[in-house]
Each structure stands twice: as C-alpha cells, then as structure tokens.
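K.L.:
sharing a model that was predicted from the sequence below.
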Amino acid sequence: MPKIKGYRLSKETKTLEERIERIYRRAKEHFGEVRFVGIKKHTKIGWVAKIQFDEFESLVAEGEDATDALKKLRKRLKKIIDRYNMV
C-alpha cells in the first residue's frame, strides 16, 4: 500500500511534540514569522496552547488536557487559513 502524506495506516497516538511541530509548520507556512508554539498548565483555567507570531499577535486555545488544547488550537488555525483562502 503506498504511503500518502499525512495518512497513517495504524491509529497511533501522536505525541505532543508531533502535534506542536505540525501546528508550527502550518502557521509558518501561512503567516511566515512564528516565534513559538507551546503549551502550559495554568492554575485556574487548565491547559493553554499558544502560537506567538510577534510581540503583540498571538492565537490561544484552552483545553482540559494538553492534547485537547493543541487540537483546539489546530482547529482555530485551520479555520483562519480556510477563511483566508476563500477570499
């Protein structure tokens, strides 16, 4: 069976590093400059995933765990890119 980019034959769970790297590549592809993509545990609101573009611009998503926060961040990024490509 041929390998297709972005397609996994087995349902392996992705590591947090793989998820962060994927989000970073997509953001860099679309926006150009990306300072960092990361996650942190906030004491009051739970896990926070963030893309920092420059000093002022960022994209943030919250989740119950680190994976959930990264999935939500990826979805937000995808929506922005899709809207941009529609125009």
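P.N.:
Arrived safely.
K.L.:
could you give the number of residues near residue 57?
P.N.:
By the measure other CB atoms under 10 Å, the count of residues near residue 57 is 11. Bear in mind the C-beta positions are built from the backbone N, C-alpha and C, glycine included.
K.L.:
and it, what pLDDT?
P.N.:
As predicted, residue 57 sits at a pLDDT of 91.
K.L.:
wait, a strand at residue 61?
P.N.:
Yes. According to DSSP: H, G, I helix; E, B strand; the rest coil, residue 61 belongs to a strand.
K.L.:
tell me if I'm right that it and residue 47 touch.
P.N.:
No. The pair residue 61 and residue 47 does not pass the contact test of CB atoms under 8 Å, sitting 9.1 Å apart.
K.L.:
need the overlap of contacts for these two.
P.N.:
residue 69 (CB atoms under 8 Å, 6 or more residues apart in numbering).
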